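J.: my questions are about this predicted structure, shown below with the sequence.
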Amino acid sequence: MSIYWMRTADVYPDARWSEDSFVALDPDVRFPRFHMVEGDEPIGGVDLIKGGLQDGLWQWSMTVSLPGPRYGAPTNGVEADKIEAGREVIACYRHYLSTRPEQYPR
């Protein structure tokens, strides 16, 4: 199965999220944590910027942080549209995993 997207409000219903906030999930891995949870791993997200100089642009971030050497590439940024911001999250995530000394299958 491949990475897929959901509205952040549907993944985290107890919080207040904008309708223009999305989270990427990877069903093929399980990362170590102190408290294991069911479900697919959240790997990052995209959000529409509302207000300010970047109003209407899409902010993206890859949120996975695993043991290993420091990752020097940017893990967040801003793009003109949601599709490109989503591509950046996935590209960053895949590159990040390729730099980790350990693999994390489910």
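T.: Arrived safely, thanks for sending.
J.: packing partners of the helix or strand where residue 43 lies?
T.: Element membership of residue 43, judged by DSSP states H and E, is strand 41-48. The elements that strand 41-48 packs onto, with contact taken as 3 or more CB pairs under 8 Å, 6 or more residues apart in numbering; DSSP states H and E, are helix 8-11, strand 21-26, strand 58-62, helix 82-98. Every residue, glycine included, has its C-beta placed from N, CA and C.
J.: same question for stretch 15-31, mean pLDDT?
T.: In this model, stretch 15-31 carries a mean pLDDT of 93.
J.: list the residues that contact residue 24.
T.: By CB atoms under 8 Å, 6 or more residues apart in numbering, residue 24 lies in contact with 3-5, 42-46, 86, 89-90, 93.
J.: who's in contact with stretch 51-65?
T.: Stretch 51-65 is contacted by residues 31, 41-49, 75-82, 84-86, 88-89, 92-93, 96-97 when judged by CB under 8 Å, 6+ apart.
J.: so what touches the lowest-mean-pLDDT helix or strand in the chain?
T.: Lowest by mean pLDDT, DSSP states H and E among the helices and strands of the chain is helix 8-11, with a mean of 94. Under the criterion CB under 8 Å, 6+ apart, residues 15-19, 21-23, 25, 42, 45, 47 lie in contact with helix 8-11.
J.: pull the number of nearby residues for residue 11.
T.: Counted by other CB atoms under 10 Å, the residues lying close to residue 11 total 18.
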